[in-house]
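> Sequence plus predicted model, see below.
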Amino acid sequence: MSMREAAELGIHEFDIILVTGDAYVDHPSFGTAIIGRVLWDAGYTVGIIAQPDWKSDIDFKKLGKPRLFFGVTSGNVDSMVNNYTPNLKVRSDDVYSPAGKGGLRPNRAAIVYSDKIHSIFPETPIVLGGIEASLRRFAHYDYWKYSVRQSILADAPADILVFGMGERQVVEIASRLSKGEDVKNINNIPGTAIKMEISKWRSIGHEGYVEIPSFNEVSNDKKLYAEAFKLHYMEQDPVHGRPVAQPHPKTVIIQNKPAMPLTTAELDHVYELPYSRKAHPSYKKPIPALAPVKFSIVSHRGCFAACSFCALTHHQGRIVQSRSIESIVREVKRMTKMPDFKGMVQDVGGPTANMYSLHCARWDTQGACTDKICTFCKSLDVSHEKQVELLRRLREIPGVKKVFIGSGIRYDLVLADSSGYLPELCEHHVSGHLKVAPEHVTQHVLDIMHKPSKEVFEEFKMKFDALNNELGKKQYILPYFMSGHPGCTVEDMVELAEYIRDNNLYTEQVQDFTPTPMTASTCMYYTGINPFTMEKVHVAKGREKRIQRALLQYKEGRNYGLVYEGLKMARREELIGEGWKCLIQK
């Protein structure tokens, strides 16, 4: 992070400089750390400029000019999501900053950083990456602007955009640039997007490309926006996906097919690189985001659930990639030697903890199916046997007292399992509360969300409670519910509030749907159309959205007026009064 550190290593010029909106934490839960370690492992020197002052040139110049390229990311979170609440209020804190201090990264950080770098080093290639770039690679609805924005690659003076997890892509980009290839000719790497001159696009044959409606079309026609979303959604598979092109006013954005998932051996190698699991020593105050993950383990990537409100289909993909048990055991053994390790492995998981090692034979040759959701498919091997073995092996490591599952599980998969996973989970791996996300209880809302039915959740909860009763453990389900999702009406939210009341599930852990780039739910929020069926969908906005959120927290006194209004709107005045079933008093 400084030329003094570089000099100690005998480095006079960096090959690559990574610029990030996060504080620098050398931990495999932080994207910049992974990319930096992977590039270093491949033989390149890497400098890190973390949370630069974007109003000045000084921070951007402090490591000099890299030999190959600048890599730019907003950090682990989209900068707009990071800087604003779902109600569009500016956040005062930022868990990825020292002492949680807010305001250390700009809005639309990837664009701002790229503009600054290009103005200082106009001849040096810029590679965009990370979640913000990945999920803004096509024209997209921007909740903070209330309109459709261009692809981030059309707005930023960058040469290449890396989407997805990025390890293979950045190493290949570095290799080709190091061999003297012009960055303008690096246009065919899977897992990257590039921009092409309109004249050139018109002159080449378009066979093999999927051309989706242009920026001008999708920004003026919501039906075309929904059609464009479905078209590029269908190509986000590394096996059968095709290049996707979207014309913009001054350029054409071309997404190459997604990169192939890392193999087990490759994934093992990435996560066994020598991360210190610490914040950079230059920081005098802690980085809050590190504490809950410092002693956690990433066991796999990818999620085949395809929940409508989640962008993982476009980022990590639906094919689950799992590490070997031996690799994870080695990582935990190394953790036990850290002086501040107290015997607690905070989490072993991925996007969904219990998808570890789950596999479908079709993935290897045909990719994930485009016409069905894996969680409802009989071709999927849902045995949790390998995860049970993994957890048992980790418990046996000297120095390990507890191994927790903290990243949430998919309970419909648990019910389909016959390996004895649930008893093992309840007896050894729940830290008082188990996170699950039913999200809602109304069937038509669950169908739009791609979530299992209420009855599936109830069956799981019944078995979970019975097992804990047998074990004599006081452990509880911590359910996550969502308000304001497309398709959900005030009447549906009243039904959910009653369900929460009747089942004693009231919690402050609730979510107000936030339209983030490149999710199916955001497409529905903007267009009022389900892109997969092209049917109209009810969308709560403005005051109705606030009412829906209030109904999830009907006990909070500050929400009384909105809850009252919502019950009147739903014609459920019987829930206003003194009876035990009433949500609020008169």
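Done, it's in.

> rounded to a whole number, what's the mean pLDDT of stretch 551-566?
Mean per-residue pLDDT for stretch 551-566: 94.

> what's in contact with it?
For stretch 551-566, the surrounding residues in contact (CB atoms under 8 Å, 6 or more residues apart in numbering) are 481, 483, 490, 493-494, 496-497, 500-501, 506, 508, 510, 546-550, 576, 583-584. Where C-beta positions appear, they are placed from N, C-alpha and C, glycine not excepted.

> Name the residues of stretch 377-393 that are buried.
L380, V382, S383, H384, K386, Q387, V388, L390, L391 (16 or more other CB atoms under 10 Å).

> Stretch 533-541 now?
Result for stretch 533-541 [16+ other CB under 10 Å]: buried residues V537, H538, V539, A540.

> how about the strands in the stretch 151-300 of the chain?
Taking DSSP state E, counting those that start in this stretch, the strands of the stretch 151-300 of the chain run over residues 160-162, 192-196, 210-211, 244-247, 252-255, 278-279, 296-298, 300-301.

> Tell me which of those strands is the most buried.
Comparing these by mean neighbour count (mean count of other CB atoms under 10 Å), strand 160-162 comes out on top with a mean of 26.

> Off-centre distance for it?
On the basis of CA atoms, centre = their mean, to the nearest Å, strand 160-162 sits 18 Å off its chain's mean C-alpha point.

> contacts for that strand?
125, 127-129, 133-134, 137, 152-153, 169-170, 173, 183, 186, 189, 191-194.

> Just to check, L262 is in contact with V320?
No: counting by CB atoms under 8 Å, L262 sits too far from V320 to count as a contact (11.6 Å).

> Neighbour count for those two, which is higher?
Higher neighbour count among L262 and V320: V320, with 25 against 18, using other CB atoms under 10 Å.

> Return the residues in contact with the more buried one.
So V320 contacts H300, R301, G302, C303, F304, G350, M355, Y356, S357, L358, H359 (CB under 8 Å, 6+ apart).

> Please name the residues that touch the fourth one.
Spelled out, that is C303. C310, L312, T313, Q316, R318, V320, G350, P351, T352, M355.

> Nearest spatial neighbour of it, chain-adjacent residues omitted?
P351 (4.0 Å; CB to CB, 6 or more residues apart in numbering).

> Burial check on the one you found, number of neighbours?
Neighbour tally, P351, other CB under 10 Å: 21.

> That one and G317, how far apart?
Distance, P351 to G317, by CB to CB, to the nearest Å: 10 Å.

> same deal with I189?
16 Å.

> now swap in G302 and tell me
When G302 is compared with G317 (using CB to CB), they lie 5 Å apart.

> Looking at the two, which is more packed in?
Applying other CB under 10 Å to G302 and G317 shows that G317 carries more neighbours, namely 26 against 23.

> all helices of the stretch 401-550 of the chain, in order?
411-416, 421-428, 443-449, 454-471, 490-502, 520-527, 542-552 (DSSP state H, counting those that start in this stretch).

> Can you say which of those helices is packed in most?
Highest mean neighbour count among the helices of the stretch 401-550 of the chain (mean count of other CB under 10 Å): helix 520-527, with a mean of 25.

> joint contacts of L262 and V320?
R301.

> Is it correct that I254 is in contact with M196?
Yes: under the criterion of CB under 8 Å, I254 makes contact with M196 at 5.7 Å.

> so what's in contact with those two at the same time?
N187.

> Can you read off the backbone torsions of the residue nearest to the spatial centre of the chain?
In the chain, the centroid-proximal residue (CA atoms, centre = their mean) is L312; its distance is 5.7 Å. The phi/psi pair for L312 (degrees, to the nearest 10) reads phi -60, psi -30.

> Enumerate every residue touching it.
G302, C303, R318, P351.

> Quickly list what's touching both of G302 and G317.
P261.

> coming back round to it: which among the contacts of C303 gets closest to S56?
Nearest to S56 among those is Q316, at 35.4 Å by CB to CB.

> For that closest one, which residues are in contact?
G164, M165, R301, G302, C303, P351.

> Can you tell me how far the last one is from G487?
Plainly put, P351 is 23 Å away from G487 if you go by CB to CB.

> Could you do the second one as well?
Separation of M165 from G487 (CB to CB) stands at 31 Å.

> With R105 instead?
33 Å.

> can you check I212 too?
If you go by CB to CB, the gap between I212 and G487 works out to 24 Å.

> Over to E565?
Taken as CB to CB, the span from E565 to G487 is 21 Å.

> which of these two has more neighbours?
Shown here are E565 and G487; by other CB under 10 Å, G487 has more neighbours (23 against 17).

> got a list of what that one touches?
Taking CB under 8 Å, 6+ apart as the test, what G487 contacts is H444, V445, I448, M449, M524, N530, V537, H538.

> surely A139 meets S219?
Yes: taking contacts as CB under 8 Å, A139 lies within contact range of S219: 6.7 Å.

> Spit out the residues that contact those two alike.
V148.

> Got the phi and psi for Y24?
phi -80, psi 120.

> ignore the last one, Y141
Per degrees, to the nearest 10, the backbone of Y141 is at phi -70, psi 130.

> For S383, see how far away the residue nearest to the centre of the chain is.
22 Å.

> Out of the contacts of C303, which one has the weakest pLDDT?
The minimum pLDDT among the contacts of C303 falls on T313, with 85.

> Tell me the first helix or strand C-terminal of the helix or strand hosting it.
Element membership of T313, judged by DSSP states H and E, is helix 312-315. Proceeding N to C from helix 312-315, the next assigned helix or strand is strand 321-322, under DSSP H and E.

> from the chain's centre, how far out does the helix or strand following that following strand sit?
Next helix or strand after strand 321-322 toward the C-terminus (DSSP H and E): helix 325-336. Here the centre of helix 325-336 is set off from its chain's centre by 25 Å, with CA atoms, centre = their mean.

> which helices and strands does helix 325-336 pack with?
Packing partners of helix 325-336 (3 or more CB pairs under 8 Å, 6 or more residues apart in numbering; DSSP states H and E): helix 264-271, strand 296-298, helix 385-395.

> Would you format those as CSV with mean pLDDT and distance to P52 included?
Formatted as CSV, the helices and strands packed on helix 325-336 follow (pLDDT from 0 to 100; distance: least, CB to CB, whole Å):
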stretch, mean pLDDT, distance to P52
helix 264-271, 97, 26
strand 296-298, 97, 28
helix 385-395, 96, 39
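
> With distance to M234 as new columns, can these be given to me in a markdown table?
A markdown table is the format used below for the helices and strands packed on helix 325-336 (distance: least, CB to CB, whole Å):
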| stretch | distance to M234 |
| --- | --- |
| helix 264-271 | 26 |
| strand 296-298 | 28 |
| helix 385-395 | 31 |
